[in-house]
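pasting the sequence and the predicted model now:
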Amino acid sequence: MYGLVHTAIRDMVLSKHGPVVWDKIKTEAGVADDAFLAMQSYDDSVVLSLVAAAAKVLEISAAECLDAFGQFWVLDTAVKHYGNMLDSCGHEIWGFLQNLDSMHDRMSGTFHGYDAPSFYLEENSDGTHLLHYRSSRQGLTPFVIGLLKGLAIHFNTKLGISVVAEELSDAGQHTTFSLETEDLSCRG
Ligand code: HEM
């Protein structure tokens with residue numbers, strides 16, 4: 001993944017745990033200092049090593065680490081560094097999720113050869129939503145859960161999130177989430 005993902009993990013650890021803990025994580029991951037060039041694409045093994053090392057040093061699961069990182073990505077990284085892109089994607093959660101693919105597509109001019117995920121939102125007749133997440137990668141469902149939690153906070157929406165199906169294949173992964181806002185769930 002692009003180095004800006006690595007720098008976002010570093011920013012999260014530095015802001016929540018400080019430089020001593022970050023040095024421990026970097027050493028544990030065996031990741032070199034030159035793995036943090038934002039606009040360079042690196043092998044996915046780098047990000048996976050950082051997540052595994054952070055989970056070990058912080059004594060949390062890799063899923064908890066990815067969830068926290070997803071929230072940080074939206075609430076800190078995206079807001080601070082990509083605010084215009086976030087705003088251009090929509091001002092409420094459903095419209096935003098519908099536009100997410102075109103936002104990632106537009107970035108392909110900047111991030112050459114990057115491998116973005118795909119999201120497809122389906123509205124059920126009862127007003128609840130299914131969100132389909134497809135990726136060429138596997139194991140990032142907890143990251144998407146964190147991203148969705150971050151988006152819910154960003155849009156000031158109470159969002160119920162549950163995983164209804166997860167399929168792994170040679171092509172990667174397809175996860176289906178059921179999403180409900182509090183207003184809808186109160187309809188009874
Ligand atoms: C404006 C903010 C955003 C920017 C600049 C951005 C950019 C990127 C970049 C550069 C990657 C790495 C792809 C690669 O190196 O191959 C990525 C991955 C990813 N993005 Fe975004 N993104 C943004 C917002 C979001 C949001 C709001 C979501 C979801 C709700 C999202 C979902 C993902 C996921 C799940 C991945 C991991 C790759 C995968 O699943 O295969 N992104 N994004």
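Structure received. Numbers count the residues shown, from 1 in each chain.

from now on I want contacts and neighbour counts done on CA atoms only, so please keep to that.
OK.

what comes up buried for stretch 45-61?
The neighbour-count check on stretch 45-61 (16 or more other C-alpha atoms under 10 Å) flags 46-56 as buried.

which ones among those are found in helices?
Among the buried residues of stretch 45-61, DSSP state H puts 46-56 in helices.

tell me which stretches of the protein form strands.
Counting by DSSP state E, one finds strands in the chain at the ranges 118-123, 129-135, 159-169, 172-181.

near the ligand, which residues of this protein?
Residues of the chain found near the ligand (C-alpha under 6 Å from any ligand atom) are 1-2, 41, 74, 78, 82, 85-86, 114-117, 135-137, 144, 147-148.

and for the residue of the chain found nearest the ligand, the neighbour number?
Of all residues in the chain, the one sitting closest to the ligand is Met1 (3.2 Å; C-alpha to the nearest ligand atom). The number of residues packed near Met1 is 19, by other C-alpha atoms under 10 Å.

show me what contacts it?
For Met1, the contacting residues are 41-44, 47, 114-115, by C-alpha atoms under 8 Å, 6 or more residues apart in numbering.

just name the lowest-scoring one in those, pLDDT-wise.
Ranked by pLDDT, these bottom out at Tyr114, which has 91.

hang on, isn't that residue packed against Arg106?
No: under the criterion of C-alpha atoms under 8 Å, Tyr114 makes no contact with Arg106, lying 11.6 Å away.

whichever of the contacts of Met1 end up buried, select them in PyMOL.
Here is the PyMOL command that selects the buried residues among those (16+ other C-alpha under 10 Å):
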select buried, resi 41+42+47+114
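
make TSV from the contacts of Met1 and add distance to Cys65 to it.
Listed next are these as TSV, based on distance: C-alpha to C-alpha, whole Å:
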residue	distance to Cys65
Ser41	22
Tyr42	20
Asp43	20
Asp44	16
Val47	12
Tyr114	23
Asp115	22
